[in-house]
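Engineer: Using only what follows, build the 3D model:
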Amino acid sequence: EFYDYESKYVPGMSRHIIPANVSVEARAECQRLALAAHRALGCRGLSRADTIVTADGTVYLLEINTIPGMTATSLLPDSARAAGIEFPELCATLVSYALGSSES
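Structural biologist: Numbering: from 1, shown residues only. The predicted structure is shown next:
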């Protein structure tokens, strides 16, 4: 199986598991690496980090997406929703940040 165009953009072709079925330690390491990479690259606002966690719990950072997808099938809106942030609020927050009226 590959995470290809259809998997990304056709509803029902993939499943987002949020939060991922990994240990608390692996989740914390994913977050630490994502934030460190975001800061090291000078990203502002938002980015999305892709990681892999091996069977033994080792975390690898694959890439940082500086313009993550915002479609109905994208990971970022699903992640925000899992954190209690619905799509309209996510968009309003991003616009507010871009206009300089937010400290995130």
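Engineer: Could I get the contacting residues of C30?
Structural biologist: 20, 22, 49, 51, 53, 59 (C-beta atoms under 8 Å, 6 or more residues apart in numbering). Bear in mind the C-beta positions are built from the backbone N, C-alpha and C, glycine included.
Engineer: Which ones among those residues map onto strands?
Structural biologist: 49, 51, 53, 59 (DSSP state E).
Engineer: least confident pick among the contacts of C30?
Structural biologist: Among these, A20 carries the lowest pLDDT, at 93.
Engineer: in the chain, what secondary structure element scores lowest on mean pLDDT?
Structural biologist: Within the chain, no helix or strand scores below helix 5-9, which has a mean of 89 by mean pLDDT, DSSP states H and E.
Engineer: Show me what counts as buried in whichever helix or strand comes after that helix.
Structural biologist: Sequence order places helix 24-40 as the next helix or strand after helix 5-9, per DSSP states H and E. Using 16 or more other C-beta atoms under 10 Å as the test for burial, helix 24-40 gives 26-27, 29-30, 33-34, 37-38.
Engineer: just stretch 52-66 next, same as before
Structural biologist: Applying 16+ other C-beta under 10 Å to stretch 52-66 flags 53, 59, 61, 64 as buried.
Engineer: Just name the closest of the residues you listed to Y9, please.
Structural biologist: I64 (21.0 Å; C-beta to C-beta).
Engineer: Next one: that closest one, what pLDDT does it get?
Structural biologist: I64 is given a pLDDT of 97.
Engineer: Check M13 too.
Structural biologist: With respect to pLDDT, M13 has a value of 90.
Engineer: which residues touch it?
Structural biologist: With C-beta under 8 Å, 6+ apart, M13 has these contacts: 6-7.
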